[in-house]
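**Student:** Test case, fold it:
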Amino acid sequence: MSHVLAARAAGGELSPHHIRGRSPLVDIITDLHSDITQADFPLELPGVERLRELQGSVVTQIATNLLPRLKQQEGPALVVFGGSTGAGKSTLVNSLVGAEVSAAGVVRPTTMVPVLAVRPEDHWLVAAHPIAELAELTTAEAVPTGLGLLDAPDLDSVREENRQMGRLLLQTADLWVFVTTAARYGDALPWRSLTEAHERGTTIAVVLNRTPRDVLSEVRTDLLRRMSRSGLGQAPLFVIEDVGPHEGLLPPAAVSELRGWLHLLGGHHTARGLARRTAQGVWPALRQDLLDLADGITHQAMAAGTLRTLAQRITEEATEELVTRIKQGVAIQGAPTTRWLAEASFGGPLAVFTGGLQRVRRGWRDGAVARRSQAAAEIGTEVRLALAQVITDAAASAWQAVHEAWSRPERGAQRLLAGIEQPSPAQRHERVVAELEGWARRTENLAAQALTAAATNARVQRAINSVGLAGLLQGAVAGGDGPARALRYLFGSSGRQLIARVAADLHRIITASFTAEAASFLEPLDSLALRSNAGAGLRLRASELRGHL
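**Tutor:** Residues are numbered from 1 along each chain as shown. Presented below is the predicted three-dimensional model:
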């Protein structure tokens, strides 16, 4: 609803013959309105609902009160009649203007659509005001000059939309006439709204309506005491006696005191003074609201930074832990080790790599390069299968750890988590397998380069081909002691360098896999576009505002 008002406030410019000189504050307040409208509080941190309500309140106040007043100062001051259900607001407004302009009756709530009554000559001015988007506009000659009388929905209406509308309209008021009764004047909700309006700088008057004569003195005294305690001791209080069952307007005498006071406020010059006093009272509260919003924005950005750090730290630690476990042989256990023992046992094709240099030389003479290479390649296949499962499981655990860390209520990530889905085990496994296949191809290319570099080494050339060498390298990287010894037999210290290069490539794959797990959290977080300097920007606006007042 505040966005409708904000959009309306930007348009509806008046004829230059009826507009005073442009206030230097217009640009400042317009920019401020844009900044606050664009501010976001997506994280469910403690107190965030109050901040969202405060944001809406400030946006509405700027759009429907400050900007219109700064852009054109000739319009009538807005007098909003608000209060509890059944307080008689509609009948009171009708009686003041001498016509049935707002529906009144015993069925509650009666005021479904706000009604704004102005003098005929003020109609065109109010039609350009954002309030015209929300209220039904009517004219009456009896409306005091320079004022617009608005009958607002009940603050405690049974309808939520009515309650929201009532609160919204009160934020637009130059003067709030709080209407209550002897039976309802102690209700907590209206008084809370009344106190908040007073703290915002809104000018306030109180009407004690439908008051039986026998309790009038007692209730009036108690009400004045309550007003004094709430800081409203200077607000005028009008008492209207209960006239008993009736239809239509109240007797003129019943509302004469209130009507006379409103006419004293009337006249364009006096009304502008009322609007100006209300606006001046708004500035200190507005600056404090800006500082509160700035603190909230900064808190949101800091909380988002904490969420980012958690996701990155958890996945980085999981990466380091998995690399360590792989070095310790977690992926060589089981099927890879069983196959190595079978292929490297006496008579096996890889036995030449387990019996010392002399036995290796005898094994070379048998010319079984293809058989050895095939056996070594199968070791690599077993290692990749084991690695795929180990990496997949560790990635799933890391995702779950980030989710649990973000799920703590004080992190405020509830809405974010609702839109984050964990990849299925099959999706995650498929991704890891594809990465490991690429790793295997790069390892085979490296093995081919190593064999080419050792072209003059007959021992190496007669031992194994590039496919088999790649299998030994994968087995060694997975922590296999047998494949590592075979590489040292063949390449000496260069074998360690080959293992280190293949291991670094595998570590990049693991890092990329865990980075993808973190990205499923960080990408939605990035989409929030929470800027750490946005709070500082609002504080600067508050300082800029103070310098022009």
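
**Student:** Pull up the pairing partners for the longest strand seen in the chain, direction included.
**Tutor:** Secondary structure of the chain per DSSP state E: the longest strand is strand 203-211. Next to strand 203-211 in the sheet, as set by DSSP bridges, lie strand 175-181 (parallel), strand 237-241 (parallel).

**Student:** can you put the ones you listed in TSV and add mean neighbour count, distance to Leu417 and mean pLDDT?
**Tutor:** C-beta coordinates here come from the backbone N, C-alpha and C atoms, glycine included. TSV is the format used below for the strands paired with strand 203-211 (neighbours: other CB atoms under 10 Å; distance: least, CB to CB, whole Å; pLDDT from 0 to 100):
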stretch	mean neighbour count	distance to Leu417	mean pLDDT
strand 175-181	26	42	90
strand 237-241	18	52	93
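
**Student:** Now render the ones you listed as JSON lines, adding distance to Arg508.
**Tutor:** Shown next, in JSON lines, are the strands paired with strand 203-211 (distance: least, CB to CB, whole Å):
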{"stretch": "strand 175-181", "distance to Arg508": "66"}
{"stretch": "strand 237-241", "distance to Arg508": "77"}
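
**Student:** Out of those, which is closest to Glu437?
**Tutor:** Minimum separation from Glu437 across these (CB to CB) falls at strand 175-181, 72.2 Å.

**Student:** Show the subsequent helix or strand relative to the closest one.
**Tutor:** Along the chain past strand 175-181, the next helix or strand (assigned with DSSP states H and E) turns out to be helix 188-200.

**Student:** ok, back up a step: now do the longest strand of the chain: distance to the chain's middle.
**Tutor:** Here strand 203-211 is found 40 Å from its chain centre; the criterion is CA atoms, centre = their mean, to the nearest Å.

**Student:** ok so, going back, and the strands paired with strand 203-211: which comes nearest Glu382?
**Tutor:** Taking CB to CB, strand 175-181 is the member of the strands paired with strand 203-211 nearest to Glu382, at 79.7 Å.

**Student:** can you tell me which residues contact Ala318?
**Tutor:** Applying CB atoms under 8 Å, 6 or more residues apart in numbering to Ala318 gives the contacts Ala394, Ala395, Ser397, Ala398, Ala401, Phe514.

**Student:** pLDDT wise, what is it at?
**Tutor:** The confidence metric pLDDT takes the value 96 at Ala318.

**Student:** Compute the inter-axis angle for the host helix or strand of it and strand 203-211.
**Tutor:** For Ala318, the host element (DSSP H and E) is helix 268-327. Counting by axes from the mean of the first three to the mean of the last three CA atoms, to 10 degrees, helix 268-327 lies at 100 degrees to strand 203-211.

**Student:** Tell me the gap between helix 268-327 and the middle of its chain.
**Tutor:** Taking CA atoms, centre = their mean, one finds the center of helix 268-327 at 9 Å from the center of the full chain.

**Student:** And the following helix or strand past it, what's buried?
**Tutor:** Downstream of helix 268-327, the next assigned helix or strand under DSSP H and E is helix 335-344. Counting neighbours by 16 or more other CB atoms under 10 Å, one finds that the buried residues in helix 335-344 are Pro336, Thr337, Arg339, Trp340, Glu343, Ala344.

**Student:** Make JSON lines from these and add pLDDT and distance to His33 to it.
**Tutor:** Converted to JSON lines, the buried residues of helix 335-344 look like this (pLDDT from 0 to 100; distance: CB to CB, whole Å):
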{"residue": "Pro336", "pLDDT": "89", "distance to His33": "66"}
{"residue": "Thr337", "pLDDT": "89", "distance to His33": "69"}
{"residue": "Arg339", "pLDDT": "90", "distance to His33": "71"}
{"residue": "Trp340", "pLDDT": "91", "distance to His33": "72"}
{"residue": "Glu343", "pLDDT": "87", "distance to His33": "76"}
{"residue": "Ala344", "pLDDT": "86", "distance to His33": "77"}
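
**Student:** With respect to Leu155, which of those residues is nearest?
**Tutor:** Within the buried residues of helix 335-344, proximity to Leu155 (CB to CB) peaks at Pro336, which comes in at 73.7 Å.

**Student:** surely Leu25 meets Leu70?
**Tutor:** Yes - Leu25 lies in contact with Leu70 (CB atoms under 8 Å); the separation is 5.5 Å.

**Student:** one step back: tell me which of the strands paired with strand 203-211 sits nearest to Gln389.
**Tutor:** Closest to Gln389 of the strands paired with strand 203-211 is strand 175-181 (CB to CB; 69.0 Å).

**Student:** Nearest to Ile29 among the strands paired with strand 203-211 would be which one?
**Tutor:** Checking those against Ile29 by CB to CB gives strand 175-181 as the closest, at 21.2 Å.

**Student:** now the strands for the stretch 101-250 of the chain?
**Tutor:** 115-118, 136-139, 147-151, 175-181, 203-211, 237-241 (DSSP state E, counting those that start in this stretch).

**Student:** Which one of those strands lies nearest to His507?
**Tutor:** strand 175-181 (67.5 Å).

**Student:** Against Leu385, how distant is the closest residue to Leu134 other than its chain neighbours?
**Tutor:** Excluding its sequence neighbours, the residue lying closest to Leu134 (CB to CB, 6 or more residues apart in numbering) is Pro114, at 6.1 Å. Plainly put, Pro114 is 71 Å away from Leu385 if you go by CB to CB, to the nearest Å.

**Student:** if you count what's nearby, which of the two comes out ahead?
**Tutor:** Set side by side, Pro114 and Leu385 show more neighbours around Pro114, with 23 against 16, by other CB atoms under 10 Å.

**Student:** Next, the more buried one: phi, psi?
**Tutor:** Backbone torsions of Pro114, given as degrees, to the nearest 10, read phi -60, psi 150.

**Student:** give the contact list for Ala205.
**Tutor:** Per CB under 8 Å, 6+ apart, neighbours of Ala205: Leu175, Trp176, Val177, Phe178, Ala235, Pro236, Leu237, Phe238, Trp261.

**Student:** what bridges to it?
**Tutor:** Ala205 has the following beta-bridge partners by DSSP bridges: Val177.

**Student:** For it, report the pLDDT, please.
**Tutor:** Value for Ala205, per-residue pLDDT: 92.

**Student:** Thanks again, I'm all set now.
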